[in-house]
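Peer 1: with the sequence up front, the predicted model follows.
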Amino acid sequence: MSIIAVTSEGPSLDDQVDPRFGRAAGFLVVDLETMDTRYISNGQSQVMAQGAGIQAAEIIAREGVGWVLTGYVGPKAFKALSAAGIKVGQNLEGLTVRQAMERFKSGSIESAQGANRTGR
Amino acid sequence: MIVAVASGKGGTGKTTVTASLATVWDGPLVAVDLDVEEPNLHLFLQPAISGSQTAHMPVPLVDESRCTYCGACSDLCQFKAISVMGQLVLTFPEMCHGCGGCLAVCPEKALSPGQRELGEISWGRVGQVVFLSGRLRIGEAMSPPLMRRVKAKLEQMLPANGGDAIIDAPPGVSCPAVNAVIDSDVVLLVTEPTPFGFYDFQLAWEAFSPLGKPLAAVINRAGLGHDAVYRFCREKGLPILAEIPYDRSIAEAYARGRIITEVSAGLRENFISLRDKLRDLARPGPSGKAVHA
Amino acid sequence: MREIIIISGKGGTGKTSLTGAFAHLAGGQIICDLDVDAPDLHLLLKPSRERQEEFYSGHEAKIDPGKCDGCGVCASLCQFGAIREKGSGYAVDLLRCEGCKVCVAFCPAEAIGFPEKHCGQWYISATRFGPLVHAQLFPGAENSGRLVMVLKQQARELAKAQGADLVLCDGAPGIGCPVISSLSGAHLAVAVTEPTPSGRHDLERVAELCGHFQIPLAVIINKYDLNPEETSRIAGFCRGRSYPVAGRLPHDLSVTEAMVQGLVVTELPETAFSLGLKRAWSRIRELAGLGCQGQAAASL
């Protein structure tokens, strides 16, 4: 799958991976073949009382991505991502988006089997 | 007349006041425990329980054979309790607020009401007092839906021409506490004259005074702390209807599950007078039934 | 970094007074008041605010009386009884509105707006015991647990930035939304209970909640001497469930005295109560995996 989304604190490849999935500042969608990038702000989720993770999954599912790279994913978001057939690479906080992407390309990111953050 | 006993700060004596008032009530009364997260009134009144029912909330059930994945439900739902991901509809029943929006908006009639268990409603009797209580299921996050169902049950229990009820409300001043007092005729705030008690009392005053209902205070553990709450009540014209002195023997009696009106004749007199003052306070309202804006 | 949350189930058992004293004993760690509904920790810590942010959560319906033609569709659909007749049209009772948007979506006159709901404020402040992350929900506002999550997030970031090894949180009473949110990600929950029928009953429920979310639980029995038999019943319950009892503290009015002076009880001359509190704190540090390092209690 050549299109991935990375939770990002800003619009460039050199921004940090946002550790949060649902409440991420935004998503950087990268086409690994063409290296086209597109930034989708996730500002609207900040005001949601609940369900930000599910909404984030809906947003990136619309982008046709095969993978999402992030820090932590809660159980509901994980369920929604799995349903959409999107694989999750997690625990990538502390890297830049570019570093996370390089690590993905090298094949050293495994597809998570479950959420790594407790509910709510 | 419906009296809601509320507080702001927890542990100031709401349940003590509710149970004590129930023991001195001079007519038919329903004593209601609306602190559904941590219901305690039964521990003091010790009613004989005569019935109970499980309370549910309607949550969407999907008929996949009818669904066209149009996403109308998912777009409307503010709580992300239903989500369309490609050719799949996911539901998250624990997130649902039971607004019924998805059922109403679905053009294919592919959704029907299912159930999420909220907790249990039980009722019974102790002497002349009818007892009613809600108990939230452990793990259930939302208490107002269960509280609404307990209140609906109360409405069935009260005679059509009014009748008396005392509600033991949850602590705090946010949605559950407001939900507990919103349908009452009088709000009785129980506080203690400590800095914590006073700060939360002010919050309670801010939260409940816009409801336009008569408000009054009971000061528990009087003699402890400082006098700020007395000055505040004077400034705001908030009547202090009773004081319960701080006394270690009262604390010990409470710790043994005793109702304090049964411990001392003086306290019993206190609560009889409180009961009469509450009646006077509720009287100015038209016919005793709450009027809503 | 470890996260400890002080809870109780029942209100008024002494959570906040104990948290304040623990913040003193921990010294320089991150403190967080997660009782956003009726917060009291600031009354002991006297914070000076360094950052203030507005908190918005969800939306609320507002009917434009100029556009409303009085058809009543909104009122018939509202499951919360939040829409009432007003004059020739309808109005929303904001205290009952859940923000579900159903009325907005179905209003044929498109007369209902759906602005964001301003629910409160949160702050980062300096205190004599370290930074405090806290908030105040507007009285009557919805307490969804979202503000609790915001505070925890801020406290964790602060702990990371300052190299703190502990986030110490004061929780809310009850077992609903805000408490569930405050447990999320915690390494240890400490339930403060009292030997009363309500204290034990509520402890049992909050313990079950911790079990439900797999958070390790320790117990402190406050005012243990008010009812020794009930204290042994609580201790028995804890033994049966393998919850360590980190301390038994006597009923002591020095807690109220300290509160009136805006101090925590360990800042007053030592009593049996404060001594017991220090022992309880070392035990809690151990249970949270913080080791006995620093001997913070001994150095005070």
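Peer 2: That came through, no problem.
Peer 1: burial check on whatever residue of the stretch 151-293 of chain B ends up closest to chain C, number of neighbours?
Peer 2: Closest contact between the stretch 151-293 of chain B and chain C, by C-beta to the nearest C-beta, is at B:Ala207 (3.3 Å). Yep, even glycine has a C-beta here, placed from its N, CA and C like the rest. Using other C-beta atoms under 10 Å in any protein chain shown, B:Ala207 is surrounded by 26 other residues.
Peer 1: ditto for C:Tyr56
Peer 2: For C:Tyr56, using other C-beta under 10 Å, the count is 17.
Peer 1: mind checking the SS state of the residue of the stretch 151-293 of chain B closest to chain C?
Peer 2: helix (DSSP: H, G, I helix; E, B strand; the rest coil).
Peer 1: run a quick check on it versus B:Val173, I expect a contact.
Peer 2: Yes: counting by C-beta atoms under 8 Å, B:Ala207 touches B:Val173, with 3.9 Å between them.
Peer 1: what is the mean pLDDT for the helix or strand hosting C:Ile6?
Peer 2: Per DSSP states H and E: C:Ile6 is located in strand C:2-7. In this model, strand C:2-7 has an average pLDDT of 97.
Peer 1: excluding chain neighbours, what is closest to the residue of the stretch 151-293 of chain B closest to chain C?
Peer 2: C:Pro139 (3.3 Å; C-beta to C-beta, 6 or more residues apart in numbering or on different chains).
Peer 1: returning to that earlier point: does the strand holding C:Ile6 reach chain A?
Peer 2: No: using C-beta under 8 Å from any C-beta of the partner chain, strand C:2-7 never reaches chain A; the gap is at least 11.9 Å.
Peer 1: so for that strand, what gets flagged as buried?
Peer 2: By 16 or more other C-beta atoms under 10 Å in any protein chain shown, the buried positions in strand C:2-7 come out as C:2-7.
Peer 1: for chain A, which residue gets nearest to chain C?
Peer 2: Nearest residue of chain A to chain C (C-beta to the nearest C-beta) works out as A:Ala49 at 4.1 Å.
Peer 1: which residues does the closest residue to B:Gly98 other than its chain neighbours form a beta bridge with?
Peer 2: Of all residues not flanking B:Gly98 in the chain, B:Met57 sits nearest, at 4.3 Å (C-beta to C-beta, 6+ apart). For B:Met57, the beta-bridge partners are B:Arg116 (DSSP bridges).
Peer 1: if I read this right, B:Met57 contacts B:Cys96, doesn't it?
Peer 2: Yes: taking contacts as C-beta under 8 Å, B:Met57 lies within contact range of B:Cys96: 6.9 Å.
Peer 1: so which of those two has more stuff around it?
Peer 2: B:Cys96 (24 against 21).
Peer 1: ok, residue 86 - contacts?
Peer 2: Just so you know, I chose chain A. For A:Ile86, the residues meeting the contact criterion (C-beta atoms under 8 Å, 6 or more residues apart in numbering or on different chains) are A:57, A:60-61, A:65-68.
Peer 1: chain C is the one I meant
Peer 2: For C:Lys86, the contacting residues are C:Pro65, by C-beta under 8 Å, 6+ apart.
Peer 1: mind doing that once more with 10 Å?
Peer 2: B:293, C:63, C:65, C:68, C:70, C:92-93 (C-beta atoms under 10 Å, 6 or more residues apart in numbering or on different chains).
Peer 1: could you dump these into JSON lines with secondary structure, distance to B:Asp26 and neighbour count added?
Peer 2: Output for these, formatted as JSON lines (DSSP: H, G, I helix; E, B strand; the rest coil; distance: C-beta to C-beta, whole Å; neighbours: other C-beta atoms under 10 Å in any protein chain shown):
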{"residue": "B:Ala293", "secondary structure": "coil", "distance to B:Asp26": "32", "neighbour count": "10"}
{"residue": "C:Ile63", "secondary structure": "strand", "distance to B:Asp26": "44", "neighbour count": "21"}
{"residue": "C:Pro65", "secondary structure": "coil", "distance to B:Asp26": "46", "neighbour count": "14"}
{"residue": "C:Cys68", "secondary structure": "coil", "distance to B:Asp26": "47", "neighbour count": "20"}
{"residue": "C:Gly70", "secondary structure": "coil", "distance to B:Asp26": "45", "neighbour count": "13"}
{"residue": "C:Val92", "secondary structure": "strand", "distance to B:Asp26": "40", "neighbour count": "22"}
{"residue": "C:Asp93", "secondary structure": "coil", "distance to B:Asp26": "34", "neighbour count": "16"}
